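Q: For reference, the sequence and a predicted model appear below.
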Amino acid sequence: MEKLNLTQIETLLKNLDGWIYENGSISKSYVFKDFKETFSVMTRIAFEAEQQNHHPLWENVYNQLTIKLNTHDVGGITQNDFDLAKRIENIVNKK
Ligand SMILES: C[C@H](O)[C@H](O)[C@H]1CNC2=NC(N)=NC(=O)C2=N1
């Protein structure tokens with residue numbers, strides 16, 4: 001899997017509403033109704049991540065969830081990160 005350069009990252013981010021590139025990850029923060037909804041979304045993301053074999057760095061406090069994606073095997077951002085981000089958006093928008 002090839003590391004993407006900054007131009008490619010910025011271009012691909014245009015298709016991901018609210019996602020940013022910072023400190024070597026693409027990331028987005030979400031706020032949900034309550035903890036149960038947040039954890040329900042996290043559970044669905046977890047199964048998606050497992051299916052893709054690509055896993056997030058994430059932080060959850062009550063109804064807040066911050067997700068950071070990078071490809072640690074190559075030490076950068078790859079298409080895998082954007083694929084998972086898209087799947088996360090699909091889960092969150094369907095919740
Ligand atoms: C051994 C296993 O396939 C690898 O460690 C996978 C697992 N999940 C992963 N997740 C992420 N975010 N980056 C990786 O490089 C990665 N590699």
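A: Cool, got the structure. Residues are numbered from 1 along each chain as shown.
Q: separation between the most centrally placed residue in the chain and residue 62?
A: The central residue of the chain, meaning the one whose C-alpha is nearest the mean C-alpha position (Cα atoms, centre = their mean), is residue 85 at 4.0 Å. Remark: distance between residue 85 and residue 62 (Cβ to Cβ, to the nearest Å) = 23 Å. All C-beta spots, glycine's among them, are computed from the backbone N, C-alpha and C.
Q: residues near residue 87, how many?
A: One way to gauge burial is a neighbour count; for residue 87, by other Cβ atoms under 10 Å, it gives 17.
Q: just residue 33 next, same as before
A: By the criterion of other Cβ under 10 Å, residue 33 has 9 neighbours.
Q: quick one: it is in a strand?
A: No: looking at residue 33 with DSSP: H, G, I helix; E, B strand; the rest coil, it is coil, so not inside a strand.
Q: Got the phi and psi for it?
A: The phi/psi pair for residue 33 (degrees, to the nearest 10) reads phi -60, psi -50.
Q: OK, contacts around it?
A: Residue 33 makes contacts with residue 63, as judged by Cβ atoms under 8 Å, 6 or more residues apart in numbering.
Q: And for residue 44?
A: Residues in contact with residue 44 (Cβ under 8 Å, 6+ apart) are residue 91.
Q: and the gap between it and residue 21?
A: Taken as Cβ to Cβ, the span from residue 44 to residue 21 is 24 Å.
Q: so how far is stretch 20-27 off the chain centroid?
A: Its chain's average C-alpha position is 10 Å from that of stretch 20-27, according to Cα atoms, centre = their mean, to the nearest Å.
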